[in-house]
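Q: I'd like to go over a predicted model; first the sequence, then the structure.
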Amino acid sequence: MNASMLSYILFSSLLLSVQAEYCGVREIIRYTERLLGDSSVSCPCRQTAVSSCSCLPIPERGHELACFAEGTKHLMENNESSNPVITRLYWTFQALLDRNLCKRLAHGDQCQYKTKGNVKEFLKKILTNYQEIDK
């Protein structure tokens with residue numbers, strides 16, 4: 001085995017190990033902060049009444065990715081004015097989930113939660129989870 005082959009193998013395995021823990025941290029923080037800055041996402045969650053506000057899953061530990069994908073999909077489908085940031089966030093979470101890339105947040109592909117919250121609470125949960133990873 002020559003030196004160039006060895007360096008190629010080392011580089012490939014390094015790339016795979018980096019990719020295996022890819023969580024999209026910086027872009028997700030940026031998108032989430034942008035959405036939190038939007039005043040139209042702050043209405044209260046009413047689980048019983050049919051309201052224009054969404055009640056989104058606040059995930060249990062280890063089920064964040066599945067719940068973040070589910071919640072952003074709900075936002076995407078129920079948002080009258082289709083927001084490209086929500087769409088981008090959804091597809092990012094879905095890709096991370098499908099490819100099993102972010103091991104810290106995904107222990108399964110089922111969203112498990114005990115509580116629901118409004119859009120702002122949901123987005124803050126995304127932000128705090130990703131800020132923890134970023135440390």
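A: That came in fine, so what should we check first?
Q: please tell me I have it right and R104 contacts I133.
A: Yes: between R104 and I133 there is a contact at 6.0 Å, judged by Cβ atoms under 8 Å. Just so you know, the C-beta spots here come from the backbone N, C-alpha and C atoms, and that holds for glycine as well.
Q: so where do the strands sit in the protein?
A: Along the chain, counting by DSSP state E, strands occupy 56-59, 113-117.
Q: so which bits of the last one are buried?
A: Of the residues in strand 113-117, those with enough neighbours to count as buried (16 or more other Cβ atoms under 10 Å) are 113, 117.
Q: shaky segments in this protein?
A: Along the chain, segments meeting pLDDT under 70 span 1-21, 39-44, 46-53, 79-81, 107.
Q: burial measure for G108, as a count.
A: G108 has 11 neighbours, counted by other Cβ atoms under 10 Å.
Q: go on, E70?
A: Residues near E70, counting by other Cβ under 10 Å, number 21.
Q: for it, what are its contacts?
A: With contact set as Cβ atoms under 8 Å, 6 or more residues apart in numbering, E70 has these partners: 57, 111.
Q: on that earlier part again, now distance to V25 too, for the strands of the chain, in CSV please.
A: Formatted as CSV, the strands of the chain follow (distance: least, Cβ to Cβ, whole Å):
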stretch, distance to V25
strand 56-59, 17
strand 113-117, 22
